[in-house]
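In: please work out how this folds:
(chains A and B)
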Amino acid sequence: MTNTNVVSKSEQKSIETVAVHGSKGYDPLTGAISYPIYQSATFKHEGLHQSTGYDYARLQNPTREEVENTVAKLENAEFGVAFSTGNAAVTAVLSLFKKGDHVIVSDDLYGGTYRLFEEIYSPYGIEHNFVDTTEIDNILDTIKENTRGIFIETPSNPMMKVTDLKRVVEIAKERNIVVIVDNTFLTPYFFRPIELGADIVVHSGTKYLGGHNDTLAGFVVTNSEKTNERIRFYQKSTGATLAPFDSWLILRGIKTLHVRMEYCQRNAITLAKFLENHPNVTDVFYVGLPNHKGYSIIKEQASGFGAMISFKVKNVSIVEKVLSSVKVITFAESLGGVESLITYPHTQTHSEMPEDFKRKLGLDDHTLRLSVGIEHIDDLLIDLENALG
Amino acid sequence: MKFGTKLIHNGNEVDPFTGALSIPIYQASTFHQPNIENIGKYDYARSGNPTREALENTIAQLENGVRGFAFSSGMAAISSVLSLFSAGDHIVICEDVYGGTFRIATKVLNRFGIEFTFVDASEISEIESAIKSNTKGLYLETPSNPLLKITDLREAIKIAKRNDVIVIVDNSFLSPYFQKPLDLGADIVVHSATKFIAGHSDVIGGLAVVKSEELARDLYTIQNSFGAVLGPQDCWLTLRGLKTLKVRMDVYEQTAQKLANWLLTNECVEEVYYPGLKEHPGHDIHFEQASGGGAVLSFTLKTIDQTIRFLQKVENVAVAVSLGGVETIVSYPVKMSHAAIPKDVRERLGVKDTLIRVSVGLEDVEDLIASFQKALI
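Out: You can find the predicted model right below:
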């Protein structure tokens, strides 16, 4: 695996330390170890034409600024912008494109992102093609003269397909195409796309960054000053900003990001192996299994596999049984929290996708998705064993 | 169910109305009563609040007690528990107890006629010989603060039971993940939840867990009368912190062990106090009653100059009071946690002015050692 442990070359601080200390770390005024929650909508001006740097909290708020800078630092990037949800962050990124632009999008991706492209941005005249980006040739075949962006989820949701980001970046750089990576599944602890040349990283901060299933948030991270300015302008204009308290909860969540990810992953590896050997399970999709198609790319480009597993059971009646009999694992949407969640993508996260589209991806009605938490592994194993029958 | 799972799923985390995976923050002081003939479970939030109740039930389960109580600070928890005693009662207490507990014993509760005898509880014979006919309580901290002295809980509890004495253990340093005093026979556990339980240096809170229904009734009366209860928002943050207790403690322990071993090899360091070191007095007893060495260690340097320089130069850690957060906190007991203890007593206890206490955080251990190395000259 690549040594991605040192985040900031100038300061030589490991990502663990950045996660704990954040950007500023302490409140410069009082030394408070926990960054203050500036629950303030506006800021006093000392006089005409004077500003403390903070004017109105939609534009900037010190607590939001701290979480923005912390996420940027974790991604080893210059700029971070925080949004009220992951979808708000993706929307902001798509606003970089204009009528007549063409964007190539990973075909296997979160249903909410799918909806944004299909229902919102298509009518605005932004063209897109959903492509299996795991095959680089598919991307090359789809690139047109007006292609301005490639949007990738890796590992993808829910089929856990892995895209070779280095290759995509090579292709894109030659043609001046912006590469956007949704890094929600692996988080900067395991994967830092900007170090590999991606232009923009987006996150649903609701997931591993927040990590406790109690806050909605989204982030856009970039090294480009121009992109940052446009994203900020969009944020300022449309106002989908992250609230101070939620910014603070995400900061608090990030402080344990590294230890949570390690535990989630350890549990996930064990569960994936267990599922592989279960007679009622026909397929297991986990990028940490050596027989996974994308295993070698992940090994080369990331420092870990994450904790998202999809699997197929023999038939729909087993799906029903699993969802009704899990006790430790909770049947709920979302992922990335301390508690293990099981999701039925067919009707939950991916209900927006047409049937034939889902069929093409292999997302059928006996596919389940598991977000592995930090419970004790024995309890998770027993729970799945009982549920699978 | 294993401890790590119990932290996440203990029946108090899901809202029964909506299924929300995070218990609601009931920021309500009072509750509408639809049926005046039959007042509901909640009437006024000092007496009971659903968010606080979730935390109280959770800690009771984690410590294996019958009931838990949440207070506005660790000292509120300790003061409330010590209010179970009456004028004329005598309490035996460990001499290197937390400075705040020392203060309430010697400046407040003594005025109400509660008598205290301070003993070196790591010597079991001292506990035994301090017990008098009016002794009603034994108050212990193990490992102790700041020298990490170990008290043999099983032996101490044996003596207490023979004499009908209530045993109270401050379990803040280890948390129930590493040590469960009630399982060893203690009657009450108290916590500064500010420390490892909440774990992020952002909440001030206290908890108490009792082992009998009788103590539960009495302590509830005190909690409801004094009213030093924990607010809903802070209860919720504490519950949120508890979810990662195990994963935090596991990493702390590994880092503390490495740091302690490294400190032993540094030539500026005179002594290292950490229960995880084989040479630490009480190491064997500790591991008979606890499953980990914890995250707190102390060490002395050879000179005061070195000590001051270290505190001024050390980077990437917080120089602050308190402990148990995700960030490494270095503190100077003579000026901080033990400033309330008179100099002569302090020195007799071994709390020297070259003593530094470290609460190890979740930073990478190599960054920590590098930063200590730079400051130790």
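
In: which bits of the stretch 51-200 of chain A sit near chain B?
Out: Applying C-beta under 8 Å from any C-beta of the partner chain, one finds that the stretch 51-200 of chain A does not approach chain B at all. C-betas here are computed from N, CA, C, even on glycine.

In: per-residue confidence for whichever residue of the stretch 51-200 of chain A sits closest to chain B?
Out: Of the residues in the stretch 51-200 of chain A, the one nearest chain B is residue A:189, at a distance of 12.0 Å by C-beta to the nearest C-beta. Per-residue confidence at residue A:189 stands at 98 (pLDDT).

In: leaving out the residues flanking it, which one is nearest to it?
Out: Closest residue to residue A:189 apart from its sequence neighbours, by C-beta to C-beta, 6 or more residues apart in numbering or on different chains: residue A:261 at 4.7 Å.

In: how many neighbours does that neighbour have?
Out: By the criterion of other C-beta atoms under 10 Å in any protein chain shown, residue A:261 has 24 neighbours.

In: pLDDT (mean, whole number) over the helix or strand encompassing it?
Out: If you go by DSSP states H and E, residue A:261 is part of helix A:257-276. Mean per-residue pLDDT for helix A:257-276: 98.

In: and if you look at stretch B:90-100?
Out: pLDDT averaged over stretch B:90-100 gives 91.

In: chain center to it, what's the gap?
Out: 13 Å (C-alpha atoms, centre = their mean, to the nearest Å).

In: how long is it from one end to the other?
Out: Chord length of stretch B:90-100, first to last residue, is 19 Å (C-alpha to C-alpha, to the nearest Å).

In: and stretch A:296-312, by the same measure?
Out: This stretch, stretch A:296-312, spans 23 Å end to end (C-alpha to C-alpha).

In: from residue B:336, how far off is residue B:342?
Out: Separation of residue B:342 from residue B:336 (C-beta to C-beta, to the nearest Å): 15 Å.

In: more neighbours: which of the two?
Out: Neighbours per residue (other C-beta under 10 Å) separate residue B:342 from residue B:336, with residue B:336 holding more: 16 against 11.

In: that one belongs to a strand?
Out: No. Residue B:336: not assigned to a strand; according to DSSP: H, G, I helix; E, B strand; the rest coil it is coil.

In: just to revisit the earlier point, my read: the residue nearest to residue A:189 touches residue A:185, true?
Out: No. With contact defined as C-beta atoms under 8 Å, residue A:261 and residue A:185 do not form a contacting pair (10.9 Å).

In: what's the overlap in contacts for the two?
Out: Listed as contacting both residue A:261 and residue A:185 by C-beta atoms under 8 Å, 6 or more residues apart in numbering or on different chains are residue A:306.

In: ok, what's across the strand from residue B:319?
Out: residue B:330 (DSSP bridges).

In: who's in contact with the residue of the stretch 201-350 of chain B found nearest chain A?
Out: Relative to chain A, the nearest point of the stretch 201-350 of chain B is residue B:202 (3.7 Å; C-beta to the nearest C-beta). Each residue near residue B:202 by C-beta under 8 Å, 6+ apart is listed here: A:33-34, A:252, B:237, B:325.

In: ok, so what distance separates residue A:124 from residue B:285?
Out: Distance of residue A:124 to residue B:285, given as C-beta to C-beta: 71 Å.

In: settle it for me: which of those two has more neighbours?
Out: Taking other C-beta under 10 Å, residue A:124 and residue B:285 do not tie; residue B:285 has more neighbours (19 against 12).

In: quick one, what contacts that one?
Out: Residue B:285 is in contact with B:150, B:152, counting by C-beta under 8 Å, 6+ apart.

In: for residue B:288, same thing?
Out: Neighbour list for residue B:288: residue B:154 [criterion: C-beta under 8 Å, 6+ apart].

In: how about residue B:81?
Out: Contacts of residue B:81 by C-beta under 8 Å, 6+ apart are B:168, B:188, B:190, B:208, B:219.

In: surely it forms part of a strand?
Out: No. Checked against three-state DSSP, residue B:81 lies outside a strand; its state is helix.

In: what sits closest to the residue minimising distance to the centre of chain A if chain neighbours are left out?
Out: Taking C-alpha atoms, centre = their mean as the criterion, residue A:184 is the residue nearest the geometric centre of chain A, at 1.3 Å. Ranked by C-beta to C-beta, 6+ apart and with sequence neighbours excluded, the top spatial neighbour of residue A:184 is residue A:204, at 4.6 Å.

In: the one you found contacts residue A:89, doesn't it?
Out: Yes. If you go by C-beta under 8 Å, residue A:204 and residue A:89 touch, sitting 7.5 Å apart.

In: how about low-confidence regions in the stretch 1-150 of chain A?
Out: Applying pLDDT under 70 to the stretch 1-150 of chain A flags residues A:1-12.

In: would you map the helices across it?
Out: Taking DSSP state H, counting those that start in this stretch to define them, one finds helices in the stretch 1-150 of chain A at A:15-21, A:62-74, A:86-94, A:111-115, A:136-142.

In: may I see the buried residues of the fourth one?
Out: This means helix A:111-115. Within helix A:111-115, the residues that count as buried by 16 or more other C-beta atoms under 10 Å in any protein chain shown are A:111-114.

In: quick check, nearest of those residues to residue A:231?
Out: Nearest to residue A:231 among the buried residues of helix A:111-115, counting by C-beta to C-beta, is residue A:113 at 16.7 Å.

In: wait, what's in contact with the closest one?
Out: Contacts of residue A:113 by C-beta under 8 Å, 6+ apart are A:87, A:90, A:105, A:151, A:153, A:182.

In: which phi and psi does the last one have?
Out: Spelled out, it's residue A:182. phi -90, psi 110 (degrees, to the nearest 10).

In: domains in the chain, as residue ranges please.
Out: Using chain A. As recorded under automatic domain parsing, the domains making up chain A are A:13-254, A:257-388.

In: look at chain B instead
Out: If you go by automatic domain parsing, chain B breaks into B:3-242, B:245-375.
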